[in-house]
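Chemist: quick one, structure for this:
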Amino acid sequence: MRLTRFTDLALRVLMRLAVEDAEQPTTREVAATMQVPYTHTAKVVARLQHLGLVEARRGRGGGLALTTAGRDASVGGLVRELEGADDVVECEGSTPCPLRSACVLRGALRRAQEAFYAALDPLTVGELVAAPTGPLLLGISRGPGSPAP
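Modeler: As a prediction, this is how the structure comes out:
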């Protein structure tokens, strides 16, 4: 199974915010750190804000912050939410598969997809930034030559 770029970026944004203690980076700063277009990052942030995982404040002193719900969110639950409930393969599409009524593969792929999510369920966003990942993320977000806090 392969995650969409949207889900991948959403997880990276959450991880970036999970390592920020005092600073509240802007969407533009997060986009620059992640080396992705601002417009993509803004769409991801809007979705994460809608889900109650991120708070965004505009203006002077504004920025992005991870909510408690965001820090405690299950990675498996997030991936399910962001990826949607679609099957790994499209059996009922515009040209339905002629094997769909007696296919063993479809059920096996559905079980494999659920096992994928289940493996991510116990992991929280907060746990994603434990050492060694958190310190590395802090170094990346501050940029080369930036002083440590």
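
Chemist: mind listing the helices for this protein?
Modeler: Counting by DSSP state H, the segments of the chain that form helices are 5-18, 27-34, 38-50, 68-72, 75-83, 104-120, 125-128, 133-142.

Chemist: need the winner for burial among these.
Modeler: The highest average neighbour count among those, using mean count of other C-beta atoms under 10 Å, belongs to helix 5-18 at a mean of 20. (C-beta placed from N, C-alpha, C; glycine too.)

Chemist: who's in contact with the lowest-mean-pLDDT helix or strand in the chain?
Modeler: For the chain, counting by mean pLDDT, DSSP states H and E, helix 133-142 ranks last in confidence among helices and strands (a mean of 76). Contact with helix 133-142 is made by 15-16, 18-20, 25, 33, 129, 148, as judged by C-beta atoms under 8 Å, 6 or more residues apart in numbering.

Chemist: ok, back up a step: format the helices of the chain as TSV; extra columns: distance to residue 97.
Modeler: Output for the helices of the chain, formatted as TSV (distance: least, C-beta to C-beta, whole Å):
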stretch	distance to residue 97
helix 5-18	26
helix 27-34	38
helix 38-50	31
helix 68-72	39
helix 75-83	21
helix 104-120	8
helix 125-128	37
helix 133-142	41
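
Chemist: weakest of those in terms of mean pLDDT?
Modeler: With a mean of 76, helix 133-142 has the lowest mean pLDDT of those.
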